[in-house]
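Engineer: Sequence and predicted structure below; questions after.
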Amino acid sequence: MATKKKDYYELLGVARGANEDEIRKAYRKLARKNHPDLNPGDKDAEERFKSVQEAYDVLNDSKKRQLYDTYGFYADNMGSGGGPGGPGGAQAPPGFDFRGFDFDDLFAEQQRQQGGGRPRGGGGGGGFGQPGDAENGSSFKDFFSSFFGGRQPEAQAERGTDLEYALNIDFGQSIKGTQVRLTINRHETCEVCHGSGAGSGSSVCSTCTGKGKVTQMAGAMRFDVPCARCQGKGRLTNACPRCQGEGRMVRPEPVEVRIPAGAADGSRLRVAGKGNAGQGGSPAGDLYITIRVEQHPLFHREGDNIEVKVPVTIWEAVLGTKIEVPTIDGRALLKVPQGTHNGQKFRLREKGIFNSRKNLRGDQIVEVEIQSPPANDERTRELFRELAQLHADEDPRQELWSKV
């Protein structure tokens with residue numbers, strides 16, 4: 001005889017998302033209203049009080065409430081005692097199993113409570129019996145999983161793993177871009193078995209004796225699950241003699257890679273489908289190439305800009321002049337104004353690195369390094385003595401003492 005399911009939220013008059021405080025307030029209000037001492041001789045009030053008490057006992061307990069929300073009902077043998085038939089749960093009669101048991105009503109109730117409407121597949125034979133039937137709820141396997149601590153074994157094809165490769169290029173290649181040919185050792189799909197790992201011929205699985213299912217026990221209950229050895233097929237296929245059942249083989253493969261202009265040190269390139277082949281014919285992984293750019297003896301990259309230090313003489317800095325400076329495109333003319341001091345920086349527009357994403361080119365920053373001439377002859381020393389006498393009253397360190 002089917003047991004009529006109760007909507008505990010409706011009994012307490014609260015929403016399904018109600019918090020503990022809302023549930024507690026609703027219970028106290030209804031308990032006072034229907035308490036037998038306040039309604040002597042009223043059997044209906046007594047029954048309502050029991051129903052309210054039952055609803056509060058479940059919804060006020062987080063574990064009980066979770067089970068109720070998941071399956072649409074709660075019983076003591078679903079609690080923390082290890083599930084039906086386990087310690088703390090009610091023992092099923094000897095020989096009891098789930099064959100012929102119809103879970104449609106239970107599944108339909110769960111779908112209605114979770115907003116899923118009528119379960120796909122209609123009436124008899126639907127519900128929990130169809131794998132993947134629950135769009136918003138638990139499947140038949142989920143139902144057992146909550147009791148027995150695990151899901152049924154499933155064979156799943158795995159996508160191939162990604163590969164990492166470090167590529168060293170020089171500074172010029174990173175600026176202008178280049179094309180390189182690499183040899184990658186990767187797992188490729190076996191051409192004999194086409195990734196299945198199976199050879200010719202097969203034999204009956206000795207574990208399930210060809211049935212594809214085995215019986216498991218949980219307390220006094222027993223139920224059938226797919227055979228883990230043959231993945232529910234009932235037969236074992238012979239391994240491919242070429243790949244020994246792996247479905248893949250390691251082979252070197254040449255890969256052409258285009259390094260774009262402006263590639264920075266540490267940047268990564270993705271070559272789709274050039275990682276290891278997947279198992280069972282599943283897709284291959286990807287190849288990721290990390291760029292390592294060698295240092296240049298003169299140029300230093302900072303973002304899209306190029307930095308370079310250029311020496312100038314004292315008289316060029318004092319009198320001003322025009323000098324040629326190196327760039328990644330060749331020589332360029334730079335104006336050094338009168339009175340230029342050491343470490344001063346000048347900008348050459350659009351002489352840096354082209355950024356294809358921004359469609360802009362960076363600049364070149366030129367830092368001046370003033371060099372003193374060697375005073376190896378008397379005439380040079382005499383000129384510097386005259387210069388020192390001309391500016392004898394000037395002290396370049398005077399401002400230092402005001403900051404001490």
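Structural biologist: Perfect, thanks for sending it. Numbers count the residues shown, from 1 in each chain.
Engineer: who touches residue 355 in this structure?
Structural biologist: Taking Cβ atoms under 8 Å, 6 or more residues apart in numbering, we find residue 355 in contact with 262, 304, 361, 362. For the C-beta atoms, the positions are set from N, CA and C on the backbone; glycine is no exception.
Engineer: quick one: it and residue 362, what's the gap?
Structural biologist: 7 Å (Cβ to Cβ, to the nearest Å).
Engineer: what touches both of the two?
Structural biologist: With Cβ under 8 Å, 6+ apart, residue 355 and residue 362 have common neighbours residue 304.
Engineer: mind listing the helices for the protein?
Structural biologist: Here the chain has its helices, by DSSP state H, at 8-12, 20-34, 43-59, 62-71, 104-113, 140-148, 171-176, 314-319, 378-390, 398-402.
Engineer: So which bits of the first one are buried?
Structural biologist: Same thing as helix 8-12. Residues 8, 9, 11, 12 are the ones in helix 8-12 that count as buried (16 or more other Cβ atoms under 10 Å).
Engineer: What lies in contact with it?
Structural biologist: 15-16, 18, 23, 26-27, 30, 51-52, 54-56, 58-59, 68.
Engineer: do stretch 310-326 as well
Structural biologist: Residues from elsewhere that reach stretch 310-326, judged by Cβ under 8 Å, 6+ apart: 298-299, 308, 331-342, 348, 364, 366-373.
Engineer: End to end on that stretch, go ahead and measure it.
Structural biologist: 9 Å (Cα to Cα, to the nearest Å).
Engineer: And stretch 392-404, by the same measure?
Structural biologist: For stretch 392-404, the first-to-last residue distance is 24 Å (Cα to Cα).
Engineer: Please determine how far residue 302 is located from residue 265.
Structural biologist: Distance, residue 302 to residue 265, by Cβ to Cβ: 12 Å.
Engineer: Same question for residue 202.
Structural biologist: Computed as Cβ to Cβ, the residue 202 to residue 265 distance reads 54 Å.
Engineer: where do the strands sit along the stretch 151-300 of the chain?
Structural biologist: Applying DSSP state E, counting those that start in this stretch to the stretch 151-300 of the chain gives strands spanning 163-169, 178-189, 198-204, 213-218, 221-226, 235-239, 248-259, 268-271, 287-293, 300-302.
Engineer: ok so, going back, mark which of the contacts of stretch 310-326 are buried, thanks.
Structural biologist: 299, 308, 334, 336, 340, 348, 364, 366, 368, 370.
Engineer: nearest to residue 164, of the helices of the chain?
Structural biologist: Proximity to residue 164 (Cβ to Cβ) singles out helix 171-176 among these, at 19.3 Å.
Engineer: pLDDT weak spots in the stretch 301-404 of the chain?
Structural biologist: Scanning the stretch 301-404 of the chain for pLDDT under 70 picks out nothing.
Engineer: tally of neighbours for residue 399?
Structural biologist: Using other Cβ atoms under 10 Å, residue 399 is surrounded by 8 other residues.
Engineer: list the contacts for it?
Structural biologist: By Cβ under 8 Å, 6+ apart, no residues touch residue 399.
Engineer: Would you mind measuring from it to residue 233?
Structural biologist: Taking Cβ to Cβ, one finds residue 399 at 89 Å from residue 233.
Engineer: Residue 281 now?
Structural biologist: Distance of residue 281 to residue 233, computed by Cβ to Cβ: 16 Å.
Engineer: likewise residue 49?
Structural biologist: Separation of residue 49 from residue 233 (Cβ to Cβ): 57 Å.
Engineer: where does the protein have low pLDDT?
Structural biologist: For the chain, the ranges with pLDDT under 70 are 1-5, 75-157, 218-221, 280.
Engineer: Between residue 302 and residue 265, which is the more surrounded one?
Structural biologist: Applying other Cβ under 10 Å to residue 302 and residue 265 shows that residue 265 carries more neighbours, namely 14 against 11.
Engineer: The nearest residue to that one once chain neighbours are set aside: what's it in contact with?
Structural biologist: Using Cβ to Cβ, 6 or more residues apart in numbering and skipping the chain neighbours, the partner closest in space to residue 265 is residue 293 (4.0 Å). By Cβ under 8 Å, 6+ apart, the residues touching residue 293 are 169, 170, 171, 174, 263, 264, 265, 301.
Engineer: same check, this time on residue 163
Structural biologist: 184, 186, 274, 275, 276, 285, 286, 287, 288.
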